[in-house]
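Enquirer: model this:
(chains A and B)
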Amino acid sequence: GNSVTQMEGPVTLSEEAFLTINCTYTATGYPSLFWYVQYPGEGLQLLLKATKADDKGSNKGFEATYRKETTSFHLEKGSVQVSDSAVYFCALTYSGSARQLTFGSGTQLTVLP
Amino acid sequence: DAGVTQSPTHLIKTRGQQVTLRCSPKSGHDTVSWYQQALGQGPQFIFQYYEEEERQRGNFPDRFSGHQFPNYSSELNVNALLLGDSALYLCASSQRTEARKQPQHFGDGTRLSIL
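Expert: Take a look at the predicted model:
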């Protein structure tokens, strides 16, 4: 079956540090890949997406590239801010699966001033 | 333009009871999915509704059931509650015809606690 494996947290960084959160997936075919963010007490917000190999999703300074050869979709940001503190989820879906999302277990990020 | 709205925000029940959670999708969306998020875990897919029918189901027992109304809103029902049903229940909506292009939009969830 489909699965997503995320780098285990929690991750603690100082403000302006470089962020990488690793995500790899197992799937047949060509899934779409997503990063969602969850702030305390809230639901999930889409951060970025990529729908085919070599696509780069980007938003709010975050980037991730869909690497089919390594089945990876690592999240990066060059300079994190305190406001980036949240839980980050990597996820995949297929159009043929009624777009059911399969999520990783999440990575808690804390950014210290 | 209202996003996905869920009610109630918090709910406390005891074992064996039944619960109904409600979801209104984002305007223009016709498909509703429900997810269970246990503490410290990623969301797990429960089922999806489109055109008032359950279209796909995850690995959840029959105690979990749902309904979609003609206005696309949806309910999640859980019978014979167990302690392990304590979780955040998330509703997500999407437009079926947009498939791969548009992501699902999530509500803020209902926090269900079982005593």
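
Enquirer: for residue A:90, which non-adjacent residue is closest in space?
Expert: With sequence-adjacent residues excluded and distances taken as Cβ to Cβ, 6 or more residues apart in numbering or on different chains, residue A:90 is closest to residue A:23, at 3.6 Å. For every residue, glycine as well, the C-beta is placed using N, CA and C.

Enquirer: centroid residue for chain B?
Expert: By Cα atoms, centre = their mean, chain B has its centre lying nearest to residue B:34, at 2.9 Å.

Enquirer: and the residue of chain B found nearest chain A, which of the three is it?
Expert: Going by Cβ to the nearest Cβ, chain A is nearest to residue B:42 of chain B, at 3.4 Å. What DSSP: H, G, I helix; E, B strand; the rest coil gives for residue B:42 is coil.

Enquirer: ok, it - how many residues close by?
Expert: When neighbours are defined as other Cβ atoms under 10 Å in any protein chain shown, residue B:42 has 22 of them.

Enquirer: cool, and the one 4 residues further on?
Expert: As a burial measure, residue B:46 scores 23 neighbours (other Cβ under 10 Å).

Enquirer: direction included, what does the one helix or strand it maps to pair against?
Expert: Here residue B:46, judged by DSSP states H and E, is contained in strand B:44-50. Strand B:44-50 sits in its sheet next to strand B:31-37 (antiparallel), strand B:53-57 (antiparallel), going by DSSP bridges.

Enquirer: any regions of chain A where pLDDT drops low?
Expert: A:95-98 (pLDDT under 70).

Enquirer: residue boundaries of the strands in it?
Expert: Shown for chain A, the strands assigned by DSSP state E span residues A:3-6, A:11-14, A:19-21, A:23-26, A:32-38, A:44-50, A:56-59, A:62-65, A:75-77, A:86-93, A:102-103, A:107-112.

Enquirer: okay if I get the ones you listed as JSON lines plus distance to residue B:23 and mean neighbour count?
Expert: Formatted as JSON lines, these follow (distance: least, Cβ to Cβ, whole Å; neighbours: other Cβ atoms under 10 Å in any protein chain shown):
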{"stretch": "strand A:3-6", "distance to residue B:23": "24", "mean neighbour count": "18"}
{"stretch": "strand A:11-14", "distance to residue B:23": "32", "mean neighbour count": "14"}
{"stretch": "strand A:19-21", "distance to residue B:23": "29", "mean neighbour count": "17"}
{"stretch": "strand A:23-26", "distance to residue B:23": "28", "mean neighbour count": "18"}
{"stretch": "strand A:32-38", "distance to residue B:23": "18", "mean neighbour count": "24"}
{"stretch": "strand A:44-50", "distance to residue B:23": "14", "mean neighbour count": "21"}
{"stretch": "strand A:56-59", "distance to residue B:23": "25", "mean neighbour count": "15"}
{"stretch": "strand A:62-65", "distance to residue B:23": "28", "mean neighbour count": "20"}
{"stretch": "strand A:75-77", "distance to residue B:23": "28", "mean neighbour count": "20"}
{"stretch": "strand A:86-93", "distance to residue B:23": "19", "mean neighbour count": "24"}
{"stretch": "strand A:102-103", "distance to residue B:23": "18", "mean neighbour count": "23"}
{"stretch": "strand A:107-112", "distance to residue B:23": "26", "mean neighbour count": "17"}
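
Enquirer: for residue B:7, find the nearest of those.
Expert: Smallest distance to residue B:7 across the strands of chain A (Cβ to Cβ): 17.8 Å, for strand A:44-50.

Enquirer: where does chain A come near chain B, residue by residue?
Expert: With Cβ under 8 Å from any Cβ of the partner chain as the criterion, chain A meets chain B at residues A:4, A:32, A:34, A:36, A:41-46, A:49, A:51, A:89, A:91, A:93, A:95, A:97-106.
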